[in-house]
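J.: build me a model from this:
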Amino acid sequence: MKYINPHDLTPIMGQEEFRAHATDYAATMRRAMSDRSYLLPESSLRLPFDNELFEKSRLLAEKLSTPNLSYVVVVGIGGSYLGTKAVYEAMCGTIDGYGPSLPKMIFADTCSPEFLGDLTGIIVEEVASKDEIIIAVISKSGGTTETMVNASFLIDALEKKLGTINDRMVYITDEGSPLWHAGEKEGVQLLPIPKTVGGRFSVFSPVGVFPLLAVGIEADKLIQGAGEVVTECVERGAESDAFRVACDIVSQSRDGAVIFDLLLFHPELESFGKWYRQLFAESLGKDVTRDGVPTKHHIVPTASIGTTDLHSVEQLYLSDPALFARTIVRVNSSHWGHDLFSNERALLSLVPGVSGRAPCQIMEIIYRGVKEVYQKRGIRFSEIELPEISLQGIGALMQFEMCVVMYLAQLLDINAFDQPYVEEYKQAVRKNLGNTNE
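T.: Numbering: from 1, shown residues only. Got it, this is the predicted structure:
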């Protein structure tokens, strides 16, 4: 993975203070890497090196992944599923559902009656025996409203056809949570999320590792890529690309940028964009410092897909370039070596220069055109190049973004690991659920 920023950005601190700040926080990150008790807020950095926790997921996936397994259903919302879906779609593609290979992963997130009805109908019709399905119910708190509703409806529908399916269910949650206690009572398999690891930082815990292993994806390679990035971020400190990106974002923000868009030049990374959006929004959307002093910053994360969104939101970006900063993510290699356009067709003549070029070559030309326009229009942009879309590369990219957020929160003097206003919404929902008069 390679980070490139062609712009000269003014350092946000004096050079010595800049380096000292990075060095101090890198020391905290180093302690988190070796913290077997997961006591520090940054303890998600420990996950790529926690072989014991990985083995719990691997052994359970091996136990439940029968030869007849057709579906792994992940029931969760937010950080309990976005990272897993990002990895799954990156590796299996966005049209995996139309292919013949099994098993497939299905995600049940928001509490939509139409979606839930369609999902339960398909699953009940398709699944003929218990060993064809695994249901992973994932909730860090163990009481997420949408997750508990979706899981209950799905389990009820399946048990009407198959009988009890407790032995095909896995609850992934904090030890001691309501869901954990329910699993102990019901005899359901349990996997823990370390208590200090928040949902948006949990993809390398059983939250992501177990479902990926269950469908046959080699999550150890994903974790290997993440571990390499953690080591680089900690060892290089102020020289690391993650800290450099954090400083670039602060500089761009102080220069007037508000929208920080991740332009992903690969449609199979669309769910990665949604994961990135949650990571940045929940981590950085704070209005007080760590000491409780009111503060304001304007960093709004968005995600776009190239080239689809060049035909939708690009008009907005180019019309007011001062408001935007972009990071373009792309794979710096050809997808296909063969020439898909070897046969002349009438439609090819409608676009001069297309004939004889493969899709990856066309995309490369579009990419160069986008960069030329950005330079001309004064759009702030940087690039992240991946050698290929691989498990190791996706693991590296996800861990990189998590390290960027941690460094960025330090520079902004805010807490990256809480989400008080999300909790406020959840409390309002629980209150209204308890009010039988409405």
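J.: can you pull out the helices in the stretch 301-438 of the chain?
T.: In the stretch 301-438 of the chain, the segments counted as helices under DSSP state H, counting those that start in this stretch are 314-319, 359-377, 391-412, 420-433.
J.: and those helices: which comes nearest Glu383?
T.: For Glu383, the closest of the helices of the stretch 301-438 of the chain is helix 359-377, at 8.2 Å, according to CB to CB. All C-beta spots, glycine's among them, are computed from the backbone N, C-alpha and C.
J.: for the closest one, buried residues please.
T.: Within helix 359-377, the residues scored as buried using 16 or more other CB atoms under 10 Å are 361-364, 367, 370, 374.
J.: need the helices of the stretch 301-438 of the chain in a markdown table (columns: mean pLDDT and distance to Leu284).
T.: A markdown table is the format used below for the helices of the stretch 301-438 of the chain (pLDDT from 0 to 100; distance: least, CB to CB, whole Å):
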| stretch | mean pLDDT | distance to Leu284 |
| --- | --- | --- |
| helix 314-319 | 90 | 21 |
| helix 359-377 | 89 | 24 |
| helix 391-412 | 95 | 7 |
| helix 420-433 | 82 | 12 |
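J.: quick one: closest of those helices to Gly183.
T.: That would be helix 420-433 among those, by CB to CB, at 21.1 Å.
J.: elements contacting the closest one?
T.: helix 145-162 (3 or more CB pairs under 8 Å, 6 or more residues apart in numbering; DSSP states H and E).
J.: give me the mean pLDDT for the helix it packs on.
T.: When pLDDT is averaged over helix 145-162, the result is 94.
J.: chain center to that helix, what's the gap?
T.: 26 Å (CA atoms, centre = their mean, to the nearest Å).
J.: convert the C-alpha atoms of that helix to PDB, please.
T.: Extracted C-alpha coordinates of helix 145-162, given in PDB (Å, rounded to 0.1, in the frame of the first residue of the first chain):
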ATOM      1  CA  THR A 145     -32.900  -3.100  19.200                       C
ATOM      2  CA  GLU A 146     -32.600  -3.800  15.400                       C
ATOM      3  CA  THR A 147     -30.400  -6.800  15.900                       C
ATOM      4  CA  MET A 148     -32.600  -8.500  18.500                       C
ATOM      5  CA  VAL A 149     -35.700  -8.000  16.400                       C
ATOM      6  CA  ASN A 150     -34.200  -9.300  13.200                       C
ATOM      7  CA  ALA A 151     -32.600 -12.300  14.900                       C
ATOM      8  CA  SER A 152     -35.800 -13.200  16.700                       C
ATOM      9  CA  PHE A 153     -37.900 -13.100  13.600                       C
ATOM     10  CA  LEU A 154     -35.400 -15.100  11.500                       C
ATOM     11  CA  ILE A 155     -34.800 -17.700  14.200                       C
ATOM     12  CA  ASP A 156     -38.600 -18.100  14.800                       C
ATOM     13  CA  ALA A 157     -39.200 -18.700  11.100                       C
ATOM     14  CA  LEU A 158     -36.500 -21.300  10.800                       C
ATOM     15  CA  GLU A 159     -37.500 -23.200  14.000                       C
ATOM     16  CA  LYS A 160     -41.000 -23.500  12.700                       C
ATOM     17  CA  LYS A 161     -39.600 -25.500   9.900                       C
ATOM     18  CA  LEU A 162     -36.500 -27.200  11.300                       C
END
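J.: that one packs against which elements?
T.: strand 71-75, strand 104-108, helix 113-126, strand 133-138, helix 420-433.
J.: what are the buried residues along that helix?
T.: Result for helix 145-162 [16+ other CB under 10 Å]: buried residues 146-148, 150-151, 153-155, 157-158, 162.
J.: distance to Ala219 for the residues you listed - can I get that in TSV?
T.: Converted to TSV, those look like this (distance: CB to CB, whole Å):
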residue	distance to Ala219
Glu146	25
Thr147	22
Met148	26
Asn150	24
Ala151	23
Phe153	29
Leu154	24
Ile155	25
Ala157	29
Leu158	26
Leu162	28
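J.: list just the nearest of those to Gly76.
T.: Distance to Gly76 across these (CB to CB) is lowest for Thr147, with 5.5 Å.
J.: so what's Gly78 closest to, chain neighbours aside?
T.: Counting by CB to CB, 6 or more residues apart in numbering, Gly78 lies nearest to Gly199, which is 5.5 Å off, once chain neighbours are set aside.
J.: and that neighbour, how far from Glu175?
T.: 16 Å (CB to CB, to the nearest Å).
J.: again with Leu318
T.: Relative to Glu175, Leu318 is positioned 50 Å away (CB to CB).
J.: give me the more crowded residue out of those two.
T.: In this view Leu318 and Glu175 are compared by other CB atoms under 10 Å, and Leu318 has more residues nearby, 16 against 13.
J.: measure the more buried one to Gln375 for me?
T.: 12 Å.
J.: contact partners for Asn166?
T.: 186-188 (CB atoms under 8 Å, 6 or more residues apart in numbering).
J.: what subset of the residues you listed is buried?
T.: For the contacts of Asn166, buried by 16+ other CB under 10 Å: Val188.
J.: can I see the domain layout of the protein?
T.: Domain assignment for the chain by automatic domain parsing gives 2-28+224-422, 36-217.
J.: where among these is the average confidence lowest?
T.: domain 2-28+224-422 - the lowest mean pLDDT of those, at a mean of 87.
J.: distance between that one and the chain's centre?
T.: 13 Å.
J.: span of that domain from start to end?
T.: 34 Å (CA to CA, to the nearest Å).
J.: cool, stretch 348-363 as well?
T.: 16 Å.
J.: same thing with stretch 349-367?
T.: 22 Å.
J.: what's the answer for stretch 92-101, then?
T.: 10 Å.
J.: among the helices and strands packed on helix 145-162, which is nearest Val258?
T.: helix 420-433 (19.1 Å).
J.: next, the angle from the closest one to helix 145-162.
T.: Helix 420-433 and helix 145-162 are oriented at 60 degrees to each other (axes from the mean of the first three to the mean of the last three CA atoms, to 10 degrees).
J.: give the buried residues for helix 420-433.
T.: Of the residues in helix 420-433, none is buried (16+ other CB under 10 Å).
J.: need the contact partners of that helix.
T.: Residues contacting helix 420-433 (CB under 8 Å, 6+ apart): 144-145, 282, 285, 438.
J.: apply 10 Å and report the result again.
T.: With CB atoms under 10 Å, 6 or more residues apart in numbering as the contact definition, helix 420-433 has outside contacts at 78, 141, 143-146, 199, 281-282, 285-288, 419, 438.
J.: and that helix, how far out from the chain middle?
T.: Centroid separation for helix 420-433 versus its chain: 24 Å, with CA atoms, centre = their mean.
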